[in-house]
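S.K.: Let's see this in three dimensions:
(2 chains)
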Amino acid sequence: AQTVTQSQPEMSVQEAETVTLSCTYDTSENNYYLFWYKQPPSRQMILVIRQEAYKQQNATENRFSVNFQKAAKSFSLKISDSQLGDTAMYFCAFTNSGGSNYKLTFGKGTLLTVNP
Amino acid sequence: DAGVTQSPTHLIKTRGQQVTLRCSPKSGHDTVSWYQQALGQGPQFIFQYYEEEERQRGNFPDRFSGHQFPNYSSELNVNALLLGDSALYLCASSYTAGVGTGELFFGEGSRLTVL
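M.R.: All right, here's what the predicted structure looks like:
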């Protein structure tokens, strides 16, 4: 069974600074997707960034980037130039890519607070 | 383009009762998944519906059941409610019939409190 571990229950960062959220996972699959989802206080989960395991290049989306280490099964999220609106729960998630099943396994989340 | 919509947003039930939660997927999506998110936890997969059939199921008892309608909307039913069923129930939609990206689109959830 796949597992996702987020070892940082809470983190805080000053506005405009950079913060990195950690995530490790365990799977016997070779091809899969990894995600970071953001859940603001309004509750709606939204996708921040996605990484396909067969792609060696790390994904980037504006201020968000990942450090994907497949051998180490590590998938960290870096947020640059943090903004107050980045305050939210961040969940790391995994799905295998077979059969388009899109069943996600989530970590327990990291509560990120951006301070003014 | 409407996203994923869920109803009701909040509800309170007592132990032993039954509850039905509803979800309309994002336009163009044909697959609906349900997740349970307990307070302070990540979402846990309950089951997934595609072509009106349950395609996958997580580690949840038979008290949890669902349905998908021809218009792709879905219901989650929970019978014989327990205190431990108190949680945020999230619906997520995706598109199966094509090349997928693995991305799910979530609704805002239904907050169930069992007293």
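S.K.: What parts of chain B come near chain A?
M.R.: Residues of chain B that fall close to chain A, judged by C-beta under 8 Å from any C-beta of the partner chain: B:31, B:33, B:35, B:40-45, B:48, B:55-56, B:58, B:88, B:90, B:92, B:94, B:96, B:100-104, B:106-109. C-betas here are computed from N, CA, C, even on glycine.
S.K.: Which parts of chain B are strands?
M.R.: Listed from the start of the chain, chain B has strands (DSSP state E) covering B:5-7, B:10-13, B:19-24, B:31-37, B:44-50, B:53-57, B:64-68, B:74-78, B:87-94, B:105-106, B:110-114.
S.K.: Including mean neighbour count and mean pLDDT, could the ones you listed go into TSV?
M.R.: Conversion of these to TSV gives the following (neighbours: other C-beta atoms under 10 Å in any protein chain shown; pLDDT from 0 to 100):
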stretch	mean neighbour count	mean pLDDT
strand B:5-7	16	97
strand B:10-13	13	97
strand B:19-24	20	98
strand B:31-37	25	95
strand B:44-50	22	94
strand B:53-57	13	90
strand B:64-68	18	97
strand B:74-78	21	98
strand B:87-94	24	95
strand B:105-106	20	92
strand B:110-114	18	97
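S.K.: for stretch A:20-37, which positions count as buried?
M.R.: Judged by neighbour count using 16 or more other C-beta atoms under 10 Å in any protein chain shown, the buried positions of stretch A:20-37 are A:Leu21, A:Ser22, A:Cys23, A:Thr24, A:Tyr25, A:Thr27, A:Tyr32, A:Tyr33, A:Leu34, A:Phe35, A:Trp36, A:Tyr37.
S.K.: dump the residue contacts of the fourth one.
M.R.: With contacts taken as C-beta atoms under 8 Å, 6 or more residues apart in numbering or on different chains, A:Thr24 has the following neighbours: A:Val4, A:Thr5, A:Ser7, A:Ala72, A:Lys73, A:Ser74, A:Phe75.
S.K.: and the gap between it and A:Phe68?
M.R.: Computed with C-beta to C-beta, to the nearest Å, the distance linking A:Thr24 and A:Phe68 is 12 Å.
S.K.: Are there residues contacting both of these two? Which ones?
M.R.: Between them, A:Thr24 and A:Phe68 have A:Ser74, A:Phe75 as joint contacts when contacts are counted by C-beta under 8 Å, 6+ apart.
S.K.: From the centroid of chain B, which residue is nearest?
M.R.: In chain B, the centroid-proximal residue (C-alpha atoms, centre = their mean) is B:Trp34; its distance is 2.9 Å.
S.K.: Once you drop chain neighbours, what's closest to that one?
M.R.: B:Ile46 (4.3 Å; C-beta to C-beta, 6 or more residues apart in numbering or on different chains).
S.K.: excluding its backbone neighbours, what's nearest A:Met45?
M.R.: With C-beta to C-beta, 6+ apart as the measure, B:Phe106 is the residue that lies nearest to A:Met45, at 3.9 Å, once sequence neighbours are left out.
S.K.: isn't B:Thr31 right up against B:Tyr95?
M.R.: Yes. With contact defined as C-beta atoms under 8 Å, B:Thr31 and B:Tyr95 form a contacting pair (6.8 Å).
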